[in-house]
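Student: requesting a structural model of the entry that follows:
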Amino acid sequence: MMTLLPCAVLLCVLCVYASLSGLNSTSPHILDASNCPSSNTRSLWDIILSCGLTLFACTWTAVHPNIPGMDEGKIAITSRRLFIMVIALIAPELMITWATRQFFSACEAAEDFSNG
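Tutor: Alright, predicted model coming up:
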């Protein structure tokens, strides 16, 4: 494993070095913004939508609810996860409180198991 890491780093350095524009072309590339079309700008709605979708994706993957019961349907599971996700977006400190409460409950269950 230790010999694989330096080889990977060396390969990455060589790839980056070979892709530099000064090394693989004879004419320099000059970036000119005057030829860009004016429709290449983002509106306020585009920025809000991309931020909202990013927040949704990050929160959806970060929330790990409890294992659902045997009699719970997909709608109940999804609605509970959406509720937790909204709470995480509105008040993230409640998520920390929830995780701390679960940690202490798990410590208590482990202690009961080892004593029992």
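Student: quick check: buried residues in the longest helix along the chain?
Tutor: Counting by DSSP state H, the longest helix found in the chain is helix 92-115. For helix 92-115, burial by neighbour count (16 or more other Cβ atoms under 10 Å) applies to residue 95. Backbone N, C-alpha and C define where each C-beta goes, glycine included.
Student: mean confidence score for it?
Tutor: Mean pLDDT, helix 92-115: 92.
Student: list the contacts of that helix.
Tutor: 63, 84, 87, 88 (Cβ atoms under 8 Å, 6 or more residues apart in numbering).
Student: restricted to buried residues, select those residues in PyMOL.
Tutor: In PyMOL, this line selects whichever of the contacts of helix 92-115 come out buried by 16+ other Cβ under 10 Å:
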select buried, resi 63+84+88
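Student: can you redo the contacts of helix 92-115 as TSV with distance to residue 78, pLDDT and secondary structure?
Tutor: TSV is the format used below for the contacts of helix 92-115 (distance: Cβ to Cβ, whole Å; pLDDT from 0 to 100; DSSP: H, G, I helix; E, B strand; the rest coil):
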residue	distance to residue 78	pLDDT	secondary structure
63	12	82	coil
84	11	89	helix
87	15	89	helix
88	15	88	helix
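Student: so which of the contacts of helix 92-115 comes closest to residue 72?
Tutor: residue 84 (14.3 Å; Cβ to Cβ).
Student: the closest one is in contact with residue 63, isn't it?
Tutor: Yes. Judged on Cβ atoms under 8 Å, residue 84 makes contact with residue 63 at a distance of 5.1 Å.
Student: tally of neighbours for residue 85?
Tutor: By other Cβ atoms under 10 Å, 19 other residues sit near residue 85.
Student: helix, strand or coil for it?
Tutor: Under DSSP: H, G, I helix; E, B strand; the rest coil, the three-state class of residue 85 is helix.
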